[in-house]
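Asker: quick one: sequence and predicted model below, then my questions.
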Amino acid sequence: MLRSRLLAASILLVASDAHAQGGRWILAGDSIMAGVFANEEFGLPGGDGAELTATLVTLETGVVIQNVSSPGATMSAIPPWQIPGLARQQAALSFIDGLFGARGIIITIGVNDAGQPGIVPSTYLADYTGFARFARSLGLEVVCVPPLNEPDEPLDPNASRRFQFQLLTVFACANAGVPSENVFNPAAVGIVPDPADPAKRRLFASRRQNGELVLDNVHLSSEGHRLFATRLIDFMVGRGFWTRR
C-alpha cells in the first residue's frame, strides 16, 4: 500500500513539474521536422538530432516535445496506395496524449500534400479540419503551421499550389475552432527560401552534384532549425504557452 502511494505521489510530482515548464507538446510533421539536413555550400553537416527544432525547444524552455514527424508524411492519404495520412492517426494521437494528457499539438505538415497531385484540395481541407477538431476534443491546444513557402512564391492560389495549401491550412484551423492567433507562419518570421540571398541559402539543405550546387529549398539545415526553433519559441512565449529558462 505504501509503495503504491509513493508511486502515485511520484507520478503526480513529475506531471506537476512538466506542467510548470509548459507541459508536454506533440510536434506532428514531415521530414522537415524529422531530420537535420546538410548544407554543403556553407559546410553545415546534417544528421545531428541535437540540432532538431524539437530538441532545441526542450533545451531552451524545458518543455517536453514528443516529435512524431515522419519523412513523406501528409495530412491526407496518398492515392492510389492509400498511404495513411495524419488525419487517420486519431487513435495514435490519443495514445500519445496519454494518461496525463499533453498540453497541445503543433501541426507542421502540408508541403507533401501540396506536392501530391492526387490529393484534392477539398480533401486536404476536410482532413485537416477533422484532425484539428479531434485534437481539440482531447483538450489539446492546437497550433497550426502552414507549409513553408516556395522560392519567389506568387500570392495566387491559381499560380501556386503551395500557396493554395497554405490558405487551406488556415481555413481548416478556423473551421476547427482554432483561434487565429494560434497560426504560426514561418514566412512571416524570415523562414523563406531565396536562392539569391546567401543568408536564406544557409537555412536550407544543399549539395554538390557534378560540381554544381543543388539547392533544396524545403528541408532545414542546422541553421534553419535554429531559426525555426527560436521563432517558434518567441511565438509560443508570446501566446503564454511556454517560458524561456
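Answerer: That came through, no problem. Numbers count the residues shown, from 1 in each chain.
Asker: the helices in this structure, which residues?
Answerer: Along the chain, counting by DSSP state H, helices occupy 2-20, 31-34, 53-61, 90-97, 111-114, 121-137, 161-175, 198-201, 222-238.
Asker: so for Ile105, which of these sits nearest?
Answerer: Evaluated over the helices of the chain, closeness to Ile105 peaks at helix 121-137, with 5.2 Å, by Cβ to Cβ. The way it works is simple: take the backbone N, C-alpha and C, and place the C-beta from them, glycine included.
Asker: pLDDT weak spots in this protein?
Answerer: 1-21 (pLDDT under 70).
Asker: show me which strand runs longest in it.
Answerer: In the chain, taking DSSP state E as the definition, the longest strand is strand 212-220.
Asker: got a markdown table for the helices of the chain, with distance to Ala73 and mean neighbour count too?
Answerer: As requested, those are arranged in a markdown table below (distance: least, Cβ to Cβ, whole Å; neighbours: other Cβ atoms under 10 Å):
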| stretch | distance to Ala73 | mean neighbour count |
| --- | --- | --- |
| helix 2-20 | 26 | 10 |
| helix 31-34 | 8 | 22 |
| helix 53-61 | 15 | 20 |
| helix 90-97 | 12 | 14 |
| helix 111-114 | 6 | 25 |
| helix 121-137 | 12 | 19 |
| helix 161-175 | 14 | 20 |
| helix 198-201 | 25 | 15 |
| helix 222-238 | 17 | 20 |
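Asker: need these in CSV (columns: distance to Pro84).
Answerer: Listed next are those as CSV, based on distance: least, Cβ to Cβ, whole Å:
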stretch, distance to Pro84
helix 2-20, 29
helix 31-34, 16
helix 53-61, 22
helix 90-97, 10
helix 111-114, 13
helix 121-137, 11
helix 161-175, 18
helix 198-201, 34
helix 222-238, 26
